[in-house]
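Enquirer: Provided below are the primary sequence and the corresponding predicted coordinates.
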Amino acid sequence: MKFRKLAVLFAACGALAACGGGGGSLPKGNDPGAPTTNPDGSVDLPGNAVDPDKGGGTKPDQQAEMTTLWPLTTGSTWTYRITDDVEGVFNKVVTVQGPETVPGTTMSAVKVHSRQDRTKSGTVYEENSWQLELTNGLVVRLREEDILDGLPSKATTWSPAMMKSLATMPASVPWEHQDQVRELITYAAGGTEGKDPKYVWKVLEKDVTVTTPAGTFTNAIKVLRDKLKKNGEVKEEKSRTYWLVPGVGKVREEGERLEELLSYDVKKS
C-alpha cells in the first residue's frame, strides 16, 4: 500500500487527540518528541485518501442516501448532550466546515469544528480537526487543535495519521484494527511532548438498536476503542464505546463520559 506523507507546521495553537477536552499544561514527560514530517511536506497515511473535494467523504458510487458511518459533507451538524463527572451536563455542537489546506501543508483535508459550552466551569472548549476518509474504510485525523476560551492551547499531529473512526461497515464482524503512531504535541505556552500511543479498535456487533434523544436507530454498529499500556494491557479508564449509524454518524458514546445525540442535519453533498 502506498503511503503519502504530509508536513506539519506547528504554530502556537492547540490540538487534542480525541473528542474530549484538554488543557494547556506543559509537558509532564522528558521526551520532547520527534518531527512527524518529511522535507517534502507530508506525513504517512495508513491507506489511500478519498478526495475530500468530492463530497467530503461521499464516494462517487454512493447512492443518494448516504451510507457512510462518518459523514464529512460540508455543512453537516450534530448536537450532543454530554454528561461528565467533573463538568456536569452540557452540549457539544459539531460542524463540518469543509475541505481546506491543513495548516502548514499543501494537502487538503476536511475541517471539522466542535464547541463545548461547559456550564459548570464556564469554560468554552473548541476543537479544530482535519480529517480524511481512506479507501480502506478508515477515517483518520491529520491535525487537531485545542482552543480554550478563545485562546490556543496546543496542537497535535501524528505519524502515521491517527484513526478517528470508521466510514465503512466491515465485511464481517467481529473486526479488529490496531493503531500505533508517533504523536507530537506542541503547547502554545511553550515546549513539545512526544508520545507513542497504541489503540485497538473492534467492531463488536452490527444491526444494533440504540435509543437517543434524537430517536431510535435499529441499524447501528457497536465499536470499542481500547488504549493499551506499554505492556499490552488495556487502560480501562481510557476505553470508549461508540454507536455509529449509516448516514448519520455517531449517535452515542460511553466510557470517559456519556455523549448522546440530540439532533443532526447531515448534508448529502
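Expert: Everything's here; your move.

Enquirer: what residue is smack in the middle of the chain?
Expert: Geometric centre of the chain, nearest residue: residue 164, 3.9 Å, by Cα atoms, centre = their mean.

Enquirer: Can you name the helix or strand that it falls in?
Expert: strand 151-166 (DSSP states H and E).

Enquirer: For that strand, name the packing helices and strands.
Expert: strand 123-133, strand 138-148, strand 175-180, strand 182-187, strand 198-212, strand 215-227, strand 240-245 (3 or more Cβ pairs under 8 Å, 6 or more residues apart in numbering; DSSP states H and E). C-beta: built from backbone N, CA, C; applies to glycine.

Enquirer: which residue packs closest to residue 161, ignoring adjacent ones?
Expert: Distances taken as Cβ to Cβ, 6 or more residues apart in numbering place residue 140 nearest to residue 161, at 3.9 Å, with adjacent residues excluded.

Enquirer: How about residue 197?
Expert: Distances taken as Cβ to Cβ, 6+ apart place residue 183 nearest to residue 197, at 5.8 Å, with adjacent residues excluded.

Enquirer: what do you get for residue 137?
Expert: Distances taken as Cβ to Cβ, 6+ apart put residue 168 closest to residue 137, at 3.3 Å, once the chain neighbours are dropped.

Enquirer: hang on, that neighbour packs against residue 139?
Expert: No - in this structure residue 168 lies outside contact range of residue 139 using Cβ atoms under 8 Å: 9.3 Å.

Enquirer: Can you pick out the residue with more neighbours from those two?
Expert: The neighbour comparison of residue 168 against residue 139 (other Cβ atoms under 10 Å) goes to residue 139, with 22 against 18.

Enquirer: residues touching the more buried one, list them.
Expert: 57, 70, 72, 131, 132, 133, 163, 164, 165, 166, 167 (Cβ atoms under 8 Å, 6 or more residues apart in numbering).

Enquirer: Let's see if you can find the most crowded of those residues.
Expert: With neighbours taken as other Cβ under 10 Å, the top of the contacts of residue 139 is residue 133, carrying 31 neighbours.

Enquirer: which residues does that residue contact?
Expert: Residue 133 is in contact with 49, 50, 52, 57, 68, 70, 72, 139, 167, counting by Cβ under 8 Å, 6+ apart.
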